Structures are given as structure tokens and as C-alpha cells.
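Student: sequence first, predicted model second:
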Amino acid sequence: MRVLVTGGCGFIGSNFIRYFLKTYPEASIINVDKLTYAGNLENLSDLARSSRYYFVRGDIADAPLMESLVKKGLDAIINFAAESHVDRSIEDPSAFIRTNIFGTFVLLETLRKFYPQEKIRFLHISTDEVYGSLGESGSFREETPLSPNSPYSASKASADMMVRAYHHTYGLPVLITRCSNNYGPFQFPEKLIPLMISNAMEDRELPIYGDGLQIRDWIYVEDHCRALDLVLHRGKEGEVYNIGGKCEKTNLSVAQTILDRLGKPRSLIRFVADRPGHDRRYAIDFSKIERELGWTPRVSFEEGIDLTIRWYQEHQEWWRKIKTGEYLEYYRRMYQNR
Ligand code: NAD
Ligand code: DAU
């Protein structure tokens, strides 16, 4: 199987590429990544010499480049490439529109050009954030109406609608997954868990938005990768699959767990101004993928957070290098005087 992965130098993409090449010894992967601030070649440096892995630096919004990659002969495209951080989308949505919406459109148009001679499966990686926010009860199902609240989630929902339309109108063999909050190795330290771990290790404050009682449904990244593999191989074209961790936790309790595990004082927690338009609660009903493809998450939060903390302890060079220059400017903009 020959797969084009977009955004493979980011967090989930790099975990997926490693998982996929290990699981399928005959498979090969082309990874196209623009290497934005979130893309890091070091995330896949162990594969640099593999004959089954090929890296191309490029933008998914570059139509001639996408066409040249599709012409290489592919079985599937998995679209991870995105601007992925909600806070950055609030600061400036433009890159989110360009990559998440226009970039996805370029990929779809490229596939349309070659269809039906080339029947390349297109797995689009979406997010549970397209459904909006929940009250104290209930969970997102695939039929839940889309109600995105941030520029990030609105851009992801727009892309989902285009992917859906290209199946409905042109018959393209597409699949969409909507997963909850991932954590694990190689996550950029702007996201809650790696930020809390690395700040605690540096004895810095842990900034918690608002009252910290917002709820996210956490999933270990390897469980997500296994679900994507199943959807890619056995998912029904035109369908959406929700993926979740069955692991609802408040942000405050996540921060406290990390401090306790690292033996650091809870007094490092600092409550800061809330995120504008902050979604209160996410929870995923993943009974469809469980029923149809036999998937359930395997890694408990206790196990996953220990693995993740250990990874950040053993890879300090990786995140300390990131937390310099541009990152420090971002951090000051985001957290100073908040
Ligand atoms: P990330 O920010 O870590 O990585 C994104 C990658 O995309 C980076 O390597 C970046 O360089 C690349 N990229 C950005 N713009 C590009 C462009 N125009 N062309 C080519 N490459 C480009 O993101 P992540 O957390 O790994 O998320 C991957 C995907 O999964 C995203 O689509 C995101 O919306 C989705 N998702 C993430 C989570 C999560 O918890 N992180 C949960 C559900 C869904
Ligand atoms: O639900 C899936 C989504 O999860 C993905 O689609 C996004 O790409 C991914 O970034 C993530 O979005 P969130 O906004 O939920 O993740 P983040 O790690 O930014 O924040 C998690 C929660 O923690 C959220 O309620 C905001 C809060 N938070 C975050 C940061 C960075 C804090 O309280 N303090 C912080 O410093």
C-alpha cells in the first residue's frame, strides 16, 4: 500500500507514520509537510534512512505539487495537515482558512481530476470540536449537528462539508474521522498536556484558563492511530467515524495529576483569563466505530499520562529546543498580563 500523508511532521501525523510503517512491512509513505512552527523533522528522524519513507517539503494548497504527488500512484491520502491550535486561531484566523479550508479543497480538486480512473481513498482527519460545546450531560454522535465555535473549529467544519460534498456530488471515496483531545509523545508544547508537563519540569507556572472546570475527553495518540488504520482499511466510503477516549477530565484535574506525578507543588497552578468563546465540555460517543470496526481505546489515562510524562522527561532536548525564540514570543503574547 502506498499512502500520501499530509502534515506528517506534526504530532499525530508523525505518530501515525511510525505506527503504520511498523504495522505494514510492505507499506510505503510519502509525507508532504510545509514545516510550519508545528512541523518538526526530528519527529521522524528515525525514519530518515528508511526506503519506505519519503519526505517532501510542501504546502497542500500548492495544486501543481499535489498533482505531481498523486501522479506517483497512490492507494490513499490521509490529510492531517492543518493549523491546529485554537488560541492561535483566535489571535489570527487567516492561516486556518488557507490551510484547513483552501488546502483541503486543493486536495479534493486534485483527486477529482484523476477520478474515476484513480480511486484513491481520502481519509480526512477532522475533530470533535466541529460539534461545538456540550452541557453537563450527553455526548457527540456522528449525527450531531455541526456548531463550531472558534475560527479553528469553523475552518475544520468547513473542510468537513467540502469533503462530504465531493463524495455526494462527484462520488469521491472519502472518509472523515472526528477525534477528541489527543496526548502523547511529540506533541507541541503549546497544547495543554505538554505545556503543563514542560512548565512543571521547568518550575514555571501552569496557566489554567477561567475556572479550569472545562472538560475534555482525552485519548492516547496510539489509540487514535489504531482507529485511523481501521477506518482507512475498513471504513465505509462517505461516512463519518467519531473516535474518543471515554476519559472525561477537567483541565484543573489534568494539571494537578501532572504536578502530583512529577512531585511538584500544586501552588504552581495559576488561574488566568479565560479563552474567548471557550467550549465548556466535549465527550464523544464512539459506539459506531466500536460496533462496525471493533475499535475501543486500550490505553487508560493513568497509563498514558505516565508514558507521556516519561517521554517528556527522556526527550528534554526535543522540547527545550522548541521553547526558545519564536515560541517564547508566542508565550509572552499569550500569557503575559493575562
Ligand atoms: P500539529 O499542529 O501538531 O501538526 C500539523 C502539521 O501540519 C505540522 O507538521 C505542520 O507543519 C503541517 N502543516 C500545516 N499547514 C500545512 C500546509 N499548508 N501544508 C502542509 N503541511 C502543513 O497538529 P496535530 O495535533 O498533529 O493534528 C493533526 C490533525 O488532527 C489536524 O488536522 C487536527 O485538526 C486534527 N486533530 C487533532 C487533535 C489533537 O488533539 N491534537 C484531535 C482531533 C483532530
Ligand atoms: O478536541 C480536539 C481538539 O483538541 C483538536 O481538534 C485541536 O487541534 C487540539 O488543539 C485540541 O483543542 P483544545 O483547545 O481542546 O486543546 P488545548 O490543549 O489547547 O486545550 C485543552 C483545554 O485546556 C482547553 O479547555 C483549554 C485549556 N487550556 C489550554 C492551554 C494551552 C488551559 O487551561 N491552559 C492552557 O495554557
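Tutor: Here it is on my side, so go on. Ligands and ions are numbered 1, 2, ... in the order given.
Student: residue in the stretch 201-338 of the chain nearest to ligand 1?
Tutor: Residue of the stretch 201-338 of the chain nearest ligand 1, by Cβ to the nearest ligand atom: residue 224 (7.4 Å). Glycine gets a C-beta too; all of them are placed from N, C-alpha and C.
Student: doesn't residue 242 make contact with that residue?
Tutor: No. Assessed by Cβ atoms under 8 Å, residue 224 is found out of contact with residue 242, at 11.6 Å.
Student: what sits against the residue of the stretch 201-338 of the chain closest to ligand 1?
Tutor: 12, 15, 179, 182, 243 (Cβ atoms under 8 Å, 6 or more residues apart in numbering).
Student: skipping its backbone neighbours, what lies nearest the last one in space?
Tutor: Using Cβ to Cβ, 6 or more residues apart in numbering and skipping the chain neighbours, the partner closest in space to residue 243 is residue 179 (4.0 Å).
Student: need the pLDDT of that neighbour.
Tutor: We have a pLDDT of 98 for residue 179.
Student: what of the one 10 residues further on?
Tutor: Looking at residue 189, its pLDDT reads 98.
Student: quickly list what the residue nearest to residue 243 is bridged to.
Tutor: residue 127, residue 243 (DSSP bridges).
Student: and if you look at the one 4 residues further on?
Tutor: In this structure, residue 183 has beta-bridge partners residue 220, where bridges are defined by DSSP bridges.
Student: in this structure it contacts residue 304, no?
Tutor: Yes. The pair formed by residue 183 and residue 304 meets the contact definition of Cβ under 8 Å, at 6.6 Å.
Student: roughly how far does the single nearest residue of the stretch 1-150 of the chain relative to ligand 2 sit from residue 240?
Tutor: Going by Cβ to the nearest ligand atom, ligand 2 is nearest to residue 127 of the stretch 1-150 of the chain, at 3.2 Å. Counting by Cβ to Cβ, to the nearest Å, the gap from residue 127 to residue 240 is 12 Å.
Student: between the two, which contacts overlap?
Tutor: Contacts common to residue 127 and residue 240, judged by Cβ under 8 Å, 6+ apart, are residue 178.
Student: right, and residue 217 touches residue 245 too?
Tutor: Yes. Contact criterion Cβ under 8 Å: residue 217 and residue 245 qualify, at 5.4 Å.
Student: how about the strands in this protein?
Tutor: With strands called from DSSP state E, the chain shows them at 2-6, 28-33, 53-57, 76-79, 121-127, 174-179, 181-183, 206-209, 215-220, 240-243, 248-250, 269-272.
Student: from the chain's centre, how far out does the third one sit?
Tutor: It refers to strand 53-57. 20 Å (Cα atoms, centre = their mean, to the nearest Å).
Student: neighbours of residue 171, how many?
Tutor: 14 (other Cβ atoms under 10 Å).
Student: hmm, it is touching residue 111, no?
Tutor: No. At 10.8 Å, residue 171 does not count as touching residue 111 under the criterion of Cβ under 8 Å.
Student: for the stretch 151-300 of the chain, which residues are neighbours of ligand 1?
Tutor: 156, 179, 181-182, 188 (Cβ under 6 Å from any ligand atom).
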